[in-house]
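Peer 1: build the 3D model from these lines:
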Amino acid sequence: MKLKNIYQGKVVSLSVLDLVLPNGVRSKVEVVGHPGGAAVLPVFPNGDILLLRQYRACLKRYIWEIPAGRLEKGEAPRQAVLRELQEETGFKARSIKKILSVWTTPGFCQEVIHLFVAKGLTLGNCLREQDEIIETHRFSAQKIKQMLKSGKIQDSKTLVALLFYFRNL
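Peer 2: The predicted structure follows:
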């Protein structure tokens, strides 16, 4: 098994992995390296959920998402999710519970996202980065379910977190 690094960026790397697969076939696999991320589903005491309407430059459009971000070097997912929640929404949480971790696109990328639910929300200061174009919106659980059924929510981490949350209430 031989790994050749082709590109190292601020967020991702690109390598080619030359290996023999478990079935004996020799293959070259392109691998996008990523430090991983953490995302959080903010839930209010009455069951309302906070979503972000965020502009995503690579898609050239706004999408509905839960607050999320990549792990900084040496940062635990729990720390990252608390940081991202405050940066993107201004909210702090009294309790954070991990619900699961998911591989985002395992066919070519090593990114794993750790998903959490946040409760006991209190509003503080928003600390968004300059390149983040974000609006926060609070929705009832019923409205979120309508958005899911109509296909308005297409972000995978958000879909997984919401569906897991509603399934396991």
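Peer 1: so what touches the helix or strand bottoming out on mean pLDDT in the chain?
Peer 2: Here the helix or strand of the chain ranked lowest by mean pLDDT, DSSP states H and E is strand 2-8, holding a mean of 91. Outside strand 2-8, the residues that touch it by Cβ atoms under 8 Å, 6 or more residues apart in numbering are 13-19, 31. Where you see a C-beta, it was placed from the backbone N, CA and C, and this is true even at glycine.
Peer 1: after it, which helix or strand is next?
Peer 2: Counting by DSSP states H and E, the next helix or strand C-terminal to strand 2-8 is strand 13-20.
Peer 1: helices or strands next to that next one in the packing?
Peer 2: With contacts taken as 3 or more Cβ pairs under 8 Å, 6 or more residues apart in numbering; DSSP states H and E, strand 13-20 sits against strand 2-8, strand 26-33.
Peer 1: check the average confidence over the last one, would you?
Peer 2: Looking back up the chat, that one is strand 26-33. Averaged across strand 26-33, the pLDDT comes to 94.
Peer 1: and for that strand, what's in contact with it?
Peer 2: Contacts for strand 26-33 (Cβ under 8 Å, 6+ apart): 3, 12-21, 108-111.
Peer 1: let me see the ranges of the helices in this structure.
Peer 2: Assigned by DSSP state H, the helices in the chain fall at 77-89, 141-150, 156-167.
Peer 1: in JSON lines: these, plus mean neighbour count, distance to residue 120 and mean pLDDT.
Peer 2: What follows is these, written out as JSON lines (neighbours: other Cβ atoms under 10 Å; distance: least, Cβ to Cβ, whole Å; pLDDT from 0 to 100):
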{"stretch": "helix 77-89", "mean neighbour count": "21", "distance to residue 120": "12", "mean pLDDT": "96"}
{"stretch": "helix 141-150", "mean neighbour count": "14", "distance to residue 120": "18", "mean pLDDT": "98"}
{"stretch": "helix 156-167", "mean neighbour count": "17", "distance to residue 120": "16", "mean pLDDT": "97"}
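Peer 1: which residue lies farthest from the center of the chain?
Peer 2: residue 24 (35.0 Å; Cα atoms, centre = their mean).
Peer 1: tell me who's in contact with residue 103.
Peer 2: Residues in contact with residue 103 (Cβ under 8 Å, 6+ apart) are 109, 111-112.
Peer 1: for residue 125, which non-adjacent residue is closest in space?
Peer 2: Spatial nearest neighbour of residue 125, excluding adjacent residues (Cβ to Cβ, 6 or more residues apart in numbering): residue 90 at 5.8 Å.
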